[in-house]
Every structure is written in structure tokens, then in C-alpha cells.
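Q: sequence and predicted structure are below.
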Amino acid sequence: MTPVLGSVSLSLAAGFGILSIILLSLYIRSDDYRLFLAGRRMAIIVSVLVIIATLVLVKELITSNFDVDYVAHYTSIETPTVYKFTALWAGQSGSLLFWIFILSIYSLITIFQNRNRYHRMMPWVLCVILTVQLFFLILTNFITNPFEPTNADFIVANGLGLNPLLQNLTKAIHPPVLYLGFVGFTIPFAFTVAALLTNEKGSLWVRSIRRWSLVTWLALSSGIMLGGWWAYQELGWGGYWAGIRLKMHLSCLG
């Protein structure tokens, strides 16, 4: 029953996301503040539902519920608990859910930090964030659902377990730190788009996102270093340089 809760939460999040964008768009056209308040509440609900879905998947991973295909693929009974938790971002569907999870936390912080500021910009800021959330929600709902059940024709007594190369504490920390940087740039991007669309000429919003940019840049840079250290630990010097092209691309972003 619990995996169903996660799947339903993702579906509801997508629905509320669409509704929130519609309400915020209507507010931009009509200037009826009640529409903005309703749209903002919907945006909060979207983030809360995503957080619920993520917690459900974490619970399924830790308790080794092999009725969930993702759990059966990336954990086993023998997998240490810490690596059952890190299996959340070991596969595609889990990684995408983890991406929206971080974005949802950032979204909630943005909403509560700016609840009494930037009244002209915030509808656009929320629309941009919700559009990004909705993109990933479509993927996790229709393309690669992390709560997909295992084949009913088989009884899974034990899972495949996590790739031994990923059972490393550095690798456990590396993806979340990297994601904090990648996903965090959504907020400065949303404010920049909003400033362009509202023709905002002031500099207050720039100072507002300065901390976001610094924190995300720091997270991205730290993620690059952790990834390099993991590659050196597990693959050796040659393994590190084999991934140098990716590191260089990330360095350019950082």
C-alpha cells in the first residue's frame, strides 16, 4: 500500500503543479491577489507532495520492499543500511525523484523567504520553478516511475544489490552535493527570467539571489572535487582522467 502512496503523491503533485501555473497566469492577467495566494498555496502543496513521495521511496529502500522494481534493482538484504539510503540516487528514476526533491525544498525556501517581497516578480518566479518541477514530474509519472512494481509473475526473495563501485562513502556524498549545485541554479534562473519579463530595473533582486548563486557555486565545486576523489579511490589515476572531460564541463558551469 505504501508504494501506492508515493505514486499517487507524484500524480497529485503534477496535477497541482498545472493548476498552480494556471492560477498564477490568471493573476498576471487580472491582478486579483486572491489568485496569487491560491497559486502560491498550490506550489507549496506540490513541493510537500514530492517530499512525501521521496520519503516513501526511502522507506521502501531501507525496509527492502522488493515488490518495488527500483528497490529490487538497487538494494539487497545484505546491502548496508547507509547504502540502501544512497540507492535513492543510484538509478535513473530515483535520481530524477531526488532532483525534484531538492528543487521542492529550494522552492519552499524561496516562497517563504519572499512571501512579502517582489510582488511583481514572484508569480513569474514561481511559474518558472513549477515548469521545471512539472517537467521532472512528467518523467517520473509517465517515463520512469520509481514506484513501478516488480513483475507479478516472479517472487523476488532478494534484490540485485548496489553496484560495488557505488558502495563508497565519498560516492554517497558526491551526487547530493553536486545536485545541490545543479538544482540550486534554478532559483537564480527563475529570478532572472522574472526580471526580464517584468522589466525590473532595480538591483534588490540581484542582491537577493547573490547568496543562492554563491551557495550553489560552492556546492557544484565541492561536488566536482568529491567526484574526482571517488574516481581516484575506486578506479585509480587512469579512471580519474577518463572522466576529466565531464569534470571540465562541470568546472565551466561552476
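A: On my side now, so go ahead. Predicted model only: the values in this text are computed from it and were never measured. Numbering: from 1, shown residues only.

Q: and the residue nearest the centre of this structure?
A: Residue closest to the average C-alpha location in the chain (Cα atoms, centre = their mean): Trp99, at 1.9 Å.

Q: so for stretch 125-143, mean pLDDT?
A: In this model, stretch 125-143 carries a mean pLDDT of 97.

Q: and if you look at stretch 106-116?
A: For stretch 106-116, mean pLDDT is 94.

Q: put the alpha carbons of it into PDB.
A: Extracted C-alpha coordinates of stretch 106-116, given in PDB (Å, rounded to 0.1, in the frame of the first residue of the first chain):
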ATOM      1  CA  TYR A 106      14.500  25.100  -2.700                       C
ATOM      2  CA  SER A 107      11.000  26.100  -3.900                       C
ATOM      3  CA  LEU A 108       9.700  26.200  -0.300                       C
ATOM      4  CA  ILE A 109      12.600  28.300   0.900                       C
ATOM      5  CA  THR A 110      12.100  30.700  -1.900                       C
ATOM      6  CA  ILE A 111       8.400  31.100  -1.300                       C
ATOM      7  CA  PHE A 112       8.800  31.700   2.500                       C
ATOM      8  CA  GLN A 113      11.800  34.000   2.100                       C
ATOM      9  CA  ASN A 114      10.000  36.200  -0.400                       C
ATOM     10  CA  ARG A 115       6.400  36.000   0.800                       C
ATOM     11  CA  ASN A 116       6.300  39.700   1.400                       C
END
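
Q: that stretch: how far from the chain's middle?
A: Chain-centre distance of stretch 106-116: 17 Å, with Cα atoms, centre = their mean, to the nearest Å.

Q: now do the buried residues in it.
A: Neighbour counts over stretch 106-116 (16 or more other Cβ atoms under 10 Å) mark Tyr106, Ser107, Leu108, Thr110, Ile111, Asn114 as buried. For the C-beta atoms, the positions are set from N, CA and C on the backbone; glycine is no exception.
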